[in-house]
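S.K.: Give me a model of this one.
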Amino acid sequence: MFTTMEDFQKLGKDQMDAATKFASTYSKNMQQFALETSDYAKASMEQGAAALEKLMGAKSLDKAIEIQTDYAKQAYEAFVARATKVGELYTAMAKDAYKPFETAVAKATAK
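M.R.: This next block holds a predicted model:
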């Protein structure tokens, strides 16, 4: 498998490079997740406050039910959209995390 000590050292360096790239990618993706989460929380709070304000100004029960129904629909749609986006981010993170190791394994098995 290893013909010289240099081959073994190169493999170690390649593995360290892969681990460093993985850590960098992981950090970047976790920052993106945190940003998405905080943006969603902020938008959700703003939408909830706006709906509550409208609800407090409702003149009839029918209008209050309409306001609540609209809010529930918007909140659900926003949640589904954000969940889809976060799912896509997780998929991209997994692919990005695997790339450095895939390259290192390919190099090691090519010899």
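S.K.: Low-confidence regions, the chain specifically.
M.R.: 1-3, 8, 104, 107-108, 111 (pLDDT under 70).
S.K.: Just give me the longest helix of it.
M.R.: Looking across the chain with DSSP state H, the single longest helix is helix 5-56.
S.K.: Next secondary structure after that helix?
M.R.: helix 61-110 (DSSP states H and E).
S.K.: Summarise which helices and strands that following helix is packed against.
M.R.: The contact analysis (3 or more CB pairs under 8 Å, 6 or more residues apart in numbering; DSSP states H and E) places helix 61-110 against helix 5-56. Heads up, the C-betas are built off the backbone N, CA and C, glycines and all.
S.K.: Now residue 26: closest residue in space that isn't a chain neighbour?
M.R.: residue 97 (6.4 Å; CB to CB, 6 or more residues apart in numbering).
S.K.: can I assume the one you found is in contact with residue 28?
M.R.: No. Residue 97 lies out of contact with residue 28 (CB atoms under 8 Å); the separation is 10.6 Å.
S.K.: Looking at these two, which is more packed in?
M.R.: Shown here are residue 97 and residue 28; by other CB atoms under 10 Å, residue 97 has more neighbours (17 against 11).
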